[in-house]
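Visitor: Below is the sequence, then the predicted model.
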Amino acid sequence: MFDSKKLDAGESMTLIGEEAYVHGQLSAKGSLRVEGSVEGDITDAVSVEIGKKGRVRGNVAAESISIAGELEGDVVAARHVEILAQARLHGNIRTPNLRVEEGALFEGNCSMRGATQPAVVPVAPGGDA
């Protein structure tokens, strides 16, 4: 279930099991795997994996994000986002690298600019920002 090669020696893994339901903001300092339900934003994680039975309703921010279940919210990843074949994502993505497998559903917009860099919005001459 977990690929131990993905974890650094000092990195912790938090698991939200299939029967678990979390409501509220979740701040994970290491890696997080969601097999249950989360209603609220997920922040500060190194990596977030939403398993096949996982459901998240909220925004997710991490270095890397892998989605196999359902996510309804915006995604910001500093390294990459992976949407697996059976995944369902309804929200916007901001990441420098994106991988979408055939069979995945993605409804939203994607910005491939660096996730930590704000998008530059052009201003018309004489216009307000």
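Guide: Received the coordinates, thanks. Residues are numbered from 1 along each chain as shown.
Visitor: Only C-alpha atoms from now on, for both contacts and neighbour counts.
Guide: Noted.
Visitor: how long is stretch 53-72 from one end to the other?
Guide: With CA to CA, to the nearest Å applied, stretch 53-72 spans 14 Å between its terminal residues.
Visitor: In that stretch, which residues are buried?
Guide: Residues 54-72 are the ones in stretch 53-72 that count as buried (16 or more other CA atoms under 10 Å).
Visitor: just stretch 95-107 next, same as before
Guide: By neighbour count on 16+ other CA under 10 Å, the buried set for stretch 95-107 is 95-98, 104-106.
Visitor: can you tell me the average pLDDT over that stretch?
Guide: Average pLDDT, stretch 95-107: 97.
Visitor: hmm, who's touching that stretch?
Guide: Defining contact as CA atoms under 8 Å, 6 or more residues apart in numbering, one finds that stretch 95-107 is touched by 76-92, 110-115.
Visitor: what about it, distance to the chain center?
Guide: Here stretch 95-107 is found 11 Å from its chain centre; the criterion is CA atoms, centre = their mean, to the nearest Å.
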